[in-house]
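**Q** show me how the following folds:
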Amino acid sequence: MAAPPPATPQKSDSFPVTFWTANLTELFERGAYYAMASFVVLYLGQLGLGDYWPSTLNGILWTLVYFLPILSGTIADQVGFKRSLLAAFIMLSIGYFLMGYPVWFGGEVLHDLVGDEMTAGAGVIVPVMIGILVIGMGGSIIKPCISGTVQKTAGQRATLAFAIFYMVVNIGSLLGRGISYIVRTEYDLSFIFAVAVGCSVIAFFVVLFMYRDSDEDTEARRSRKGQRSVGRILLDMVLVLKNGRFALFLVVSSGFFFIYSQVYNVIPLYLKKVVETDPAVDIYTMANPFTIVFFQLLITKAFGKMKPINSIIVGIVIIGVSMLINIIPIYTSGGVTADVWDLLPMGALFATLTVALIAFGELFTSARTYEYIGALAPKGQEGLFLGYANLPMAIGSLIGGPAGAAIFNEIMCTNAVKLDNGLLQLDPTWNTIGWVVLMGIGLVSALSMFLYNQWLKKVQAA
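**A** Here you go, the predicted structure:
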């Protein structure tokens, strides 16, 4: 994800050890998450969870990770970042282990193809459900702790600090995907969770032996102990969501993240069931972090002066159009399964281009969303409102999981024919309609954002 703008830092001559420890911790945490993220839907499908449950559960996982920081961030402030991080990595290790448990110790077998019907029993459903819940809870603690540490230790070089931090985020993403590819091709798909467990354990020991809460944080925690209870958090949530302008913005901007979530819902299903029997989804989705690493500074420099709302709209349009390019292979010679230079199928090439374009959409949208929310918030409540900036991601993920599965199964796969190799040959018309629907959702979201901003101008003028 692209970086939000950093808060005003305190003066400091250099980055302390805790800054680098936080970045190293983030490297392994992101490695753990992205080692398995590209394959969650396919893994659950091959375990027999049918057409809809894999995407729905994946959507719930992302929702937990992006919604729960509202609560977990406050708890971390009260008990200390180090204790919170240690607890988080214990939860993540347990959660990733439970995801692989049905195959490793439960006697379950991964089917070669993603089945249509729900055939999984309690031996799969129970550990997977608990695993997703625990991963979501653990992941939600990491986000505020690590970004908070970077902010507090940035000193007078906050811009450089956050540039380093988000470079590390994407390096971790590349690392996790790369190791996952090697391990799963050597063993089987369930071992992506072994990589995730390993990265989480390493991160735990990095925090245990290297991370230190500052004396200032410890003293501040003691002075405000008990000042912000869970009840107060819920009251703040009501305060924020009662603000009609902000609540409407959350709904409108969630369209971007609805489309973004299809990188981990529709695209893996499309690759596995339509394009190739053993797609390298982890390698293809590397296009996202690669694009952000190589183009973030360029995009910021070239378009940084664009008004936030215009930048957000451009990003949403880009992410919508990124879906439409997948119709090109449908009408080329050989179709989506045609080889490109004996390297990968045509459908996989354009799916990779889609992921890259979505990353460009992030570069225009993600960071500027924080800026726009800061301007939208009432005076003196900017920090409170920015704490809810991830809600559009939670909303988009929660809806995007089941809706993405419906678009793929009920639209794209209409009149599909199953081939001897197990792949589906889609009806070109219905396949095209599916991608057009996804693009349409993006463009409607962009139009809604434009109309929202026009309405807001009139309200503010009045």
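
**Q** now do the contacts for the closest residue to Met210 other than its chain neighbours.
**A** Leaving aside its sequence neighbours, Met210 sits nearest to Thr21 (CB to CB, 6 or more residues apart in numbering; 4.5 Å). For every residue, glycine as well, the C-beta is placed using N, CA and C. Thr21 makes contact with Val206, Val207, Met210, Tyr211, Arg212, according to CB atoms under 8 Å, 6 or more residues apart in numbering.

**Q** return the closest of the residues you listed with respect to Gln296.
**A** Using CB to CB, Val206 comes nearest to Gln296 of the contacts of Thr21, at 25.4 Å.

**Q** how about the closest one, secondary structure?
**A** Counting by DSSP: H, G, I helix; E, B strand; the rest coil, the backbone at Val206 sits in helix.

**Q** thought it was touching Thr25?
**A** Yes. Using CB atoms under 8 Å, Val206 is in contact with Thr25, at 5.3 Å.

**Q** where in the chain is pLDDT low?
**A** 1-13, 159, 214-230, 380, 382-383 (pLDDT under 70).

**Q** contacts only, for the residue sitting nearest the centre point of it.
**A** In the chain, the C-alpha closest to the average C-alpha coordinate belongs to Trp62, at a distance of 6.4 Å (CA atoms, centre = their mean). If you count contacts by CB under 8 Å, 6+ apart, Trp62 has them with Ser261, Tyr264, Met393, Ala394, Ser397, Leu398, Gly401.

**Q** for the strand or helix carrying the fifth one, list every residue counted as buried.
**A** For Ser397, the element it lies in under DSSP states H and E is helix 391-406. The neighbour-count check on helix 391-406 (16 or more other CB atoms under 10 Å) flags 391-405 as buried.

**Q** what does stretch 370-378 give?
**A** Quick answer for stretch 370-378 (16+ other CB under 10 Å): Tyr370, Glu371, Tyr372, Ile373, Gly374, Leu376, Ala377.

**Q** so what touches it?
**A** Stretch 370-378 is contacted by residues 4-5, 243, 245-246, 249, 308-309, 312, 382, 384-386, 388-389, 456 when judged by CB under 8 Å, 6+ apart.

**Q** so which of those is the most crowded?
**A** Highest neighbour count within the contacts of stretch 370-378: Ile312, with 29 neighbours (other CB atoms under 10 Å).

**Q** show me the contacts for the nearest residue to Phe204 once chain neighbours are set aside.
**A** Closest residue in space to Phe204, ignoring its immediate chain neighbours: Phe89 at 3.9 Å, by CB to CB, 6+ apart. If a contact means CB under 8 Å, 6+ apart, then Phe89 has Glu29, Gly138, Ser200, Val201, Ala203, Phe204, Val207 as its contacts.

**Q** rewinding a little: so the residue nearest to Met210 versus Phe165, what's the distance?
**A** Applying CB to CB, to the nearest Å, the value for Thr21 to Phe165 is 12 Å.

**Q** could you do Gly231 as well?
**A** Applying CB to CB to Gly231 and Phe165 gives a distance of 33 Å.

**Q** neighbour count: these two, which is higher?
**A** Phe165 (21 against 8).

**Q** and that one, that's in a strand?
**A** No. Membership of Phe165 in a strand is not supported by three-state DSSP, which gives helix.

**Q** and whichever helix or strand Arg368 is part of with helix 391-406, angle?
**A** According to DSSP H and E, Arg368 maps onto helix 346-376. Counting by axes from the mean of the first three to the mean of the last three CA atoms, to 10 degrees, helix 346-376 lies at 150 degrees to helix 391-406.

**Q** return the set of buried residues in helix 346-376.
**A** Quick answer for helix 346-376 (16+ other CB under 10 Å): 346-374, 376.

**Q** got the end-to-end distance for stretch 275-290?
**A** Using CA to CA, to the nearest Å, the end-to-end distance of stretch 275-290 comes out at 23 Å.

**Q** tell me the contacts of the residue nearest to Ile75 when sequence neighbours are not counted?
**A** Nearest non-adjacent residue to Ile75, counting by CB to CB, 6+ apart: Ser84, 7.0 Å away. If you count contacts by CB under 8 Å, 6+ apart, Ser84 has them with Ser72, Ile75, Ala76, Ile141, Cys145.

**Q** give me that answer again for 10 Å
**A** Taking CB atoms under 10 Å, 6 or more residues apart in numbering as the criterion, Ser84 is in contact with 72-73, 75-78, 141-142, 144-145, 148, 207, 213.

**Q** tell me the angle of the lengthiest helix in the chain relative to helix 391-406?
**A** When the chain is parsed with DSSP state H, its longest helix is helix 428-461. If you take the same axes, to 10 degrees, helix 428-461 sits at 160 degrees to helix 391-406.

**Q** centre of the chain versus helix 428-461, how much separation?
**A** 21 Å (CA atoms, centre = their mean, to the nearest Å).

**Q** so what does it touch, helix or strand wise?
**A** Under the contact definition 3 or more CB pairs under 10 Å, 6 or more residues apart in numbering; DSSP states H and E, helix 428-461 sits against helix 244-260, helix 266-270, helix 308-324, helix 346-376, helix 391-406.

**Q** could those be laid out in CSV, adding distance to Ile130?
**A** Shown next, in CSV, are the helices and strands packed on helix 428-461 (distance: least, CB to CB, whole Å):
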stretch, distance to Ile130
helix 244-260, 26
helix 266-270, 23
helix 308-324, 33
helix 346-376, 30
helix 391-406, 18
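
**Q** out of the contacts of Ser84, which are buried?
**A** Neighbour-count burial (16+ other CB under 10 Å) applied to those gives Ser72, Gly73, Ile75, Ala76, Asp77, Ile141, Ile142, Pro144, Cys145, Gly148, Val207, Asp213.

**Q** just the ones in strands from the residues you listed, please.
**A** Using DSSP state E to define strands, no part of the buried ones among the contacts of Ser84 is located there.

**Q** what would the residues you listed look like in TSV with distance to Leu443?
**A** Listed next are these as TSV, based on distance: CB to CB, whole Å:
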residue	distance to Leu443
Ser72	35
Gly73	34
Ile75	40
Ala76	39
Asp77	40
Ile141	36
Ile142	34
Pro144	33
Cys145	37
Gly148	36
Val207	44
Asp213	47
